[in-house]
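# Output the structure for:
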Amino acid sequence: MSSIPYFFDCTETIPAGVGFAPYGGVHLAWLAAAALCFAGGCLFYRRLRGRGRRRMRLVIAALTVGDELFKIWLLASHGNYTVDYLPLHLCSINIFIVLWHALRPRADTAEFLYAICLPGAMAALLFPSWSALPPTCGMHIHSFTVHILLALYPLLLTAGGEVRPQPRHIPRLLGLLALCAVPAVIVNPIFGTNFMFLRESGPGNPLQPFEALFGTHLAGIPILIAAVLLILYTPWVLAERRRTGRKTPAS
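Numbering: from 1, shown residues only. Below is the predicted model of the structure:
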């Protein structure tokens, strides 16, 4: 057994009352660390060129995959790895998309990471579903670090000018998002899991208020997606209009 208290515990085995408060000291410290990581990483990435950027993307992707393997080891070593921990949540699926982009960079993959992966990872950091786990718990550490890495990768691409979001691509991105949800739709009824939060929102989840308003948290999914895409794409649309406006000859 580890001498670190609760290191091998998970949400199913942890005793009540040992976790952290959302937006308490522990949570704010992680958010501050994330902000420093994002700012420092983006500044460093902008100064790199060609091979340097590729190496950094590969390192971030490898760290993200390694973080997922760390989770599997933590859980499996003490018999806690169950079907609930299969990589079928959106952020878990994005781990493989990050790796694919690092190996085979493409503009459409980069835009998916910007429009879908980035807000998903940021939402997880802002509304953590693992607040029952204390800072000494390995799954607590994994849950924060993997989402920091998942948010960092598309932020690097954005800072490096390698993302060019186009509103006309949104239907295709939503189609890919729906495709990512297909395994969850199949597996959830069979095993009683809650992948992609399709069965319930859970405490602190931003979908939870919609359950009180509409009787189901699922009503909040299209509303939140529309709001997030509006926030993410509006600056690019305005920038493009300013750019084309400057190119238009005066009448």
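
# remind me which residues of the protein are low pLDDT?
1-2, 246-251 (pLDDT under 70).

# same thing but 80
1-2, 202-203, 244-251 (pLDDT under 80).

# Nearest residue to the middle of it?
For the chain, the residue nearest the mean C-alpha position is residue 121 (2.0 Å; C-alpha atoms, centre = their mean).

# host element of that one?
helix 118-126 (DSSP states H and E).

# continuing past that helix, what's the next helix or strand?
Next along from helix 118-126, by DSSP H and E: helix 138-159.

# continuing past that next one, what's the next helix or strand?
From helix 138-159, the next helix or strand downstream (DSSP H and E) is helix 170-191.

# For that following helix, name the packing helices and strands.
If you count contacts as 3 or more C-beta pairs under 8 Å, 6 or more residues apart in numbering; DSSP states H and E, helix 170-191 packs onto helix 90-103, helix 107-112, helix 220-247. C-betas here are computed from N, CA, C, even on glycine.

# change it to 7 Å
helix 107-112 (3 or more C-beta pairs under 7 Å, 6 or more residues apart in numbering; DSSP states H and E).

# so who does residue 74 touch?
Residue 74 makes contact with 8, 138-139, 142 under the criterion C-beta atoms under 7 Å, 6 or more residues apart in numbering.

# Distance to residue 165 for those residues - can I get that in CSV?
Output for the contacts of residue 74, formatted as CSV (distance: C-beta to C-beta, whole Å):
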residue, distance to residue 165
8, 41
138, 36
139, 33
142, 30
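
# Which among those residues count as buried?
Using 16 or more other C-beta atoms under 10 Å as the burial test, the contacts of residue 74 include 8, 138-139, 142 as buried.

# picking up where we left off before, how about residues contacting the helix holding residue 121?
So helix 118-126 is in contact with 31, 34, 90-91, 94, 147-148, 150-151, 154-155, 206, 228, 232, going by C-beta under 7 Å, 6+ apart.

# Of the residues you listed, grab the buried ones for PyMOL.
Selecting only the buried entries of the contacts of helix 118-126 in PyMOL, with 16+ other C-beta under 10 Å as the criterion:
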select buried, resi 31+34+90+91+94+147+148+150+151+154+155+228+232
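
# Kindly indicate whether residue 80 is helix, strand or coil.
coil (DSSP: H, G, I helix; E, B strand; the rest coil).

# next one: residue 218
helix.

# Leaving out sequence neighbours, find the closest residue to it.
residue 198 (7.1 Å; C-beta to C-beta, 6 or more residues apart in numbering).

# What residues does the one you found make contact with?
With C-beta under 7 Å, 6+ apart, residue 198 has these contacts: 184-185, 188.

# Most neighbours among the residues you listed, which one is it?
residue 184 (21 neighbours; other C-beta atoms under 10 Å).

# check contacts around that one.
Contacts of residue 184 by C-beta under 7 Å, 6+ apart are 88, 195-196, 198.
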